[in-house]
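Q: next comes the sequence, and after it the predicted model I'd like to discuss.
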Amino acid sequence: MTTNAIKRDTTKIVTETGSFFEEFDPRLKLLLVVCVSTLTFIAPTSKALLINYSIIVLLYMLSGLYRSGVKVIIFVSVFYTISLWEPSGASEWIKFALNLIGPLAIRIMSYFIMGTWMAGKMRIGDFVSSLEQMHIPKGIIITVAVVFRYLPTARDELYYISSTMKLRGIGISFKNIILHPIRTLEYSIIPLILRCLTIADELSVSAMTRGLDLETKRIPYREVKITIQEAVITIVILTIVVSSRFIT
Amino acid sequence: MSETGLTSKKKVKNKGKLTVRDYITLGMMMILVYVIYTIIGLPLATTIIGNIFLHAVCSLLWGTVFMLMYVRVNKKWGPLIFGILIGIMQIFNLWITAVAIVIGAIVAEIIWQRWNKESFKTMTVCFSVQITSWYLGMFIPLIIIADIESIAAENYLELFTKVKELVVGPLFFVGLFSVITCTVIGAFIGKRLLKKHFEKAGLI
Amino acid sequence: MIELQNVSFSYDSSDEMILNNVNLSIKEGEFVLLVGNSGCGKTTITRFLNVLAPDFFEGELKGTVIVDGKNTNDVTIQEMSRSVGSVFQDPRSQFFTLDTTAELAFSCENVGLNRQDTIKRVVESAELINVTHLLGKSVFELSSGEKQAIALASACAHKPKILVLDEPSANLDQDAMVRLKHNLESLKTRGHTIVVSEHRIHYLKDLCDKVVHISNGVIESILTGDEFQKKSNEELNSSGLRSLSVDGLKKGLTQKTISAVHLEKDKKNLLVLEQVDFSYNRAEPLLKNINLSVNQGEIIGLIGNNGTGKTTLMELICGLKKQKSGNIYIGGKKVKAKSRIEQTYYVMQDSDYQLFTESVEKEIFLDNKKTESSVETGVEILKLMGLSDFLERHPASLSGGQKQRLSIAISFMKDVEIICFDEPTSGLDYNSMQRIVKLFKRLSSMGKGIIVATHDLEFITACCTAVYNM
């Protein structure tokens, strides 16, 4: 391969774009998340709830999140069945609880479910770019980017800390929580806080020595803009969800 | 100027303004708040009683994180940005609560700028205001649910009204009292841990 | 290109002068290696070049530092970053984004380049550092060597004239170190001025034009690359530096490949693994048919590239993970994961996860009650590790090397027969490494069985009784 051919290949890798919903503008996604989940939460009838969730599952499937979409279907089916269940011989309280838990869970979870849809397959860089386009101050954007970047790492850090605690006999076991509650709590939180401080400093150093400041306007290497198709689809979805409220 | 390097113009320029390092530190402190919320808070959130005392219990640990944040990022706008971030985190949960959190952040920021930023009292009050506003914000959706669910639970309207009265009644005040108390306790725990560990380690 | 004139520096956090009246001059295109034991001041010198000292790591700077024609007092860290690219020791906390391409574009975007130029520079940098196959991947999928390569490519993307690297090879295996060397070679050929502060110097010996030996804050000697290569290992070791030639160190050591081990029927050894399998998901088994036996007093070295499962194997042995199949015996008895935790100890690579209290003294006695004999042991081991003066210090205020030594010292206090160590000497200078060797030999003479995963060939030669290749 000639050098030019290799260069063109790499450039292709760098500039490649994903599927339609991967490239969907994050601002519109956020709008959909907020509106659809809220409207689902206050859906007046079961029919409206069902229509809303059909839209949600559709969004999942269109974005290629097939397995999660199936999980959503299972979740809704299970809790809907629970709400219809009236075991004979059970006390009033239990029947009341069953009747309540189902719809409640389905409604509250709509936020998490929509949030997961937005987060799945979204590039954090695109999200940051759209925040910049909304003229949010750069400092806050930096903070948001850091949270998204290091949240997954926090889980691993906790694993290492709790592993060592087990090895040294100060682990989060029943005995330790009862006998030495304060100490156990202190031992689990202090290393984590120290690690976060260390990461904050090391990350600052790494970012600042690569030019990150609060003044320069960033031009992202991936273009993020709202296309007409995306706007139309958003309007369509919102119309369906809103009008589901009036279906008797 | 070159001899000591201390009178460099750059240093004077940045004093008092939030720097890149401050923003990144806020991000990492936010992660700590979220981790504590996920590990202690969310399991509690599965029951209604748990929901009421969730913030109180978490505040015992949040105190340390907030105190550390206030000391490390001891400048204007710190509490406001931190509060807004907590609000953003709640957008994916219950965004109505987020509005209350942001209002709390604004109030905390006003107090922060008016009082002495280096005093423990100021920090405790700001922390308490922030978390209490979150607690209050949580009740708004509960009241909204009550209106909607009374349609669905016709057979159980009486029971439901009883539960609602209990929750939006005396329990609310019990919860409010415990949130405020626990934030103060959490702040004291934080102060002690900060002295014991972070000051000793030279990190603050 | 780079001038240090009568430079002295002390950090705000301590009273002592870390550097005393240092004079150094580096020409454009030179490859300079800074060597010396921990705490000598070489990292501080690298921090002058990217203005981290005194702007981030605050302190009092006397003298003048001129980099690429600019006095470091007159520019911010970000402004200097246009001329100086930096790579640090721990790749984990260097990444700002979640995918590699965005990471490479990071420096270009920060500088305000337009989209076309950014893409062009990302492509050029990826090709130069040979990371095109890593583009578009999540940063969580990378090995440490790959992470370090991405960090290097990102630091070079905006084409700075000078590159500063602070112990870049600390977490790398042999293969990754060779790749790092080739990348540095390519950069040198392109005319970059490169300054590297390192302990493991053998992989760079062909590249350096100048070697600056720093000791206690002053420059002890400046040699040319050729002069430095002529030095013998003994000369280097006596001045506290690691050896230059490490190829011949493996002779005479029993070496086996771990999957080819044939287990003797006798299960009465201290630790026996019999046909152990492990995998993280249903697809690829990470560890397959592992047979291993450790006798009392043995020090087994585990070598192999990162990602071959050394850490996972040790976590298995210590009960932090459960095996999918196979048996593990301690002292002849089959033991489940839960009891393995109580009978073993594991010293991790990163000591930040292993220290919990507010003083070195409390830390040492955390695991056991304080009895007369345990106090004696504690005092002795702290002396051996060179930490006796730090009894009251908070562990978080210690340097990286000191934390590491403390972490390792704690293993001595545990009343267990089997101890696993993950890269105990990474980033340590020669003298610290020898301390660890002494500790290992003590543990061995006490009849304990030790398993250590390491890339440190000098260390293996000094104390391992057998070596397994993963």
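A: Ah, there it is.
Q: the residue nearest the centre of chain B: helix or strand, and which one exactly?
A: By CA atoms, centre = their mean, chain B has its centre lying nearest to residue B:131, at 3.9 Å. Assigned by DSSP states H and E, residue B:131 belongs to helix B:120-152.
Q: quick one: the helices in the chain?
A: Since you didn't name a chain, this refers to chain A. Under the criterion DSSP state H, chain A carries helices at the ranges A:3-15, A:26-41, A:46-62, A:66-84, A:92-119, A:124-133, A:138-167, A:174-179, A:181-208, A:228-243.
Q: try chain B instead
A: B:9-14, B:20-36, B:42-44, B:48-72, B:78-91, B:95-114, B:120-152, B:157-166, B:172-193.
Q: which one of the ones you listed lies closest to chain C?
A: helix B:9-14 (5.6 Å; CB to the nearest CB). Quick note: C-beta positions are derived from backbone N, CA and C, even for glycine.
Q: reformat the helices of chain B as JSON lines; add mean pLDDT and distance to residue C:325.
A: Shown next, in JSON lines, are the helices of chain B (pLDDT from 0 to 100; distance: least, CB to CB, whole Å):
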{"stretch": "helix B:9-14", "mean pLDDT": "41", "distance to residue C:325": "59"}
{"stretch": "helix B:20-36", "mean pLDDT": "94", "distance to residue C:325": "34"}
{"stretch": "helix B:42-44", "mean pLDDT": "83", "distance to residue C:325": "33"}
{"stretch": "helix B:48-72", "mean pLDDT": "90", "distance to residue C:325": "40"}
{"stretch": "helix B:78-91", "mean pLDDT": "89", "distance to residue C:325": "42"}
{"stretch": "helix B:95-114", "mean pLDDT": "91", "distance to residue C:325": "48"}
{"stretch": "helix B:120-152", "mean pLDDT": "80", "distance to residue C:325": "48"}
{"stretch": "helix B:157-166", "mean pLDDT": "65", "distance to residue C:325": "51"}
{"stretch": "helix B:172-193", "mean pLDDT": "93", "distance to residue C:325": "45"}
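Q: tabulate the ones you listed in TSV, adding columns for distance to residue A:99.
A: Shown next, in TSV, are the helices of chain B (distance: least, CB to CB, whole Å):
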stretch	distance to residue A:99
helix B:9-14	59
helix B:20-36	33
helix B:42-44	23
helix B:48-72	15
helix B:78-91	28
helix B:95-114	24
helix B:120-152	8
helix B:157-166	9
helix B:172-193	24
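Q: residue C:450 bridge partners, please.
A: With beta bridges defined as DSSP bridges, residue C:450 has these partners: residue C:299, residue C:419.
Q: list the contacts for it?
A: C:294, C:298, C:299, C:300, C:418, C:419, C:420, C:421, C:440, C:443, C:444 (CB atoms under 8 Å, 6 or more residues apart in numbering or on different chains).
Q: if we use 7 Å, what do you get?
A: Residues in contact with residue C:450, defined by CB atoms under 7 Å, 6 or more residues apart in numbering or on different chains, are C:299, C:300, C:419, C:421, C:440, C:443, C:444.
Q: with residue C:458 instead?
A: By CB under 7 Å, 6+ apart, the residues touching residue C:458 are C:242, C:243, C:246, C:249, C:433.
Q: tell me the confidence at residue C:39?
A: With respect to pLDDT, residue C:39 scores 84.
Q: quick one: it is in a helix?
A: No. Under DSSP: H, G, I helix; E, B strand; the rest coil, residue C:39 sits outside any helix and is assigned coil.
Q: enumerate the residues of chain C near chain B.
A: Proximity of chain C to chain B, by CB under 7 Å from any CB of the partner chain, involves residues C:13, C:54-55, C:60-62, C:64, C:71, C:73, C:76, C:358, C:394, C:396-397.
Q: picking that back up, how about the helices of chain A in TSV, adding distance to residue C:22 and mean neighbour count?
A: As requested, these are exported to TSV (distance: least, CB to CB, whole Å; neighbours: other CB atoms under 10 Å in any protein chain shown):
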stretch	distance to residue C:22	mean neighbour count
helix A:3-15	42	13
helix A:26-41	50	21
helix A:46-62	61	19
helix A:66-84	59	15
helix A:92-119	50	19
helix A:124-133	41	20
helix A:138-167	35	19
helix A:174-179	51	11
helix A:181-208	22	21
helix A:228-243	59	14
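Q: mean pLDDT for these: which is lowest?
A: Minimum mean pLDDT among these: helix A:3-15, a mean of 73.
Q: most widely separated two among the residues of chain C next to chain B?
A: Taking CB to CB, the two most distant members of those are C:71 and C:358; they sit 41.4 Å apart.
Q: which one of these two is surrounded by more residues?
A: residue C:358 (23 against 15; other CB atoms under 10 Å in any protein chain shown).
Q: isn't that one up against residue C:394?
A: Yes. Using CB atoms under 7 Å, residue C:358 is in contact with residue C:394, at 5.3 Å.
Q: find residues that contact each of those two.
A: Contacts common to residue C:358 and residue C:394, judged by CB under 7 Å, 6+ apart, are B:197, B:200.
Q: picking that back up, adding distance to chain C, write the helices of chain A out as CSV.
A: Converted to CSV, the helices of chain A look like this (distance: least, CB to the nearest CB, whole Å):
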stretch, distance to chain C
helix A:3-15, 5
helix A:26-41, 14
helix A:46-62, 21
helix A:66-84, 14
helix A:92-119, 11
helix A:124-133, 5
helix A:138-167, 4
helix A:174-179, 13
helix A:181-208, 4
helix A:228-243, 20
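Q: so for residue B:84, which of those sits nearest?
A: helix A:138-167 (7.3 Å).
Q: centre of the chain to the closest one, how far?
A: Centroid displacement of helix A:138-167 relative to its chain, using CA atoms, centre = their mean, to the nearest Å, is 16 Å.
Q: quick one: low-confidence parts of the stretch 201-350 of chain C?
A: Counting by pLDDT under 70, the ranges of the stretch 201-350 of chain C that qualify are C:247-252, C:258-268, C:282-283.
Q: what residues does chain A put near chain B?
A: Residues of chain A lying near chain B (CB under 7 Å from any CB): A:34, A:38, A:42, A:44, A:92, A:96, A:99-100, A:103-104, A:111-112, A:115, A:139-140, A:142-143, A:146-147, A:150-151, A:154, A:186, A:189-190, A:192-193, A:196-197, A:199-200, A:203-204, A:207-208, A:212-214.
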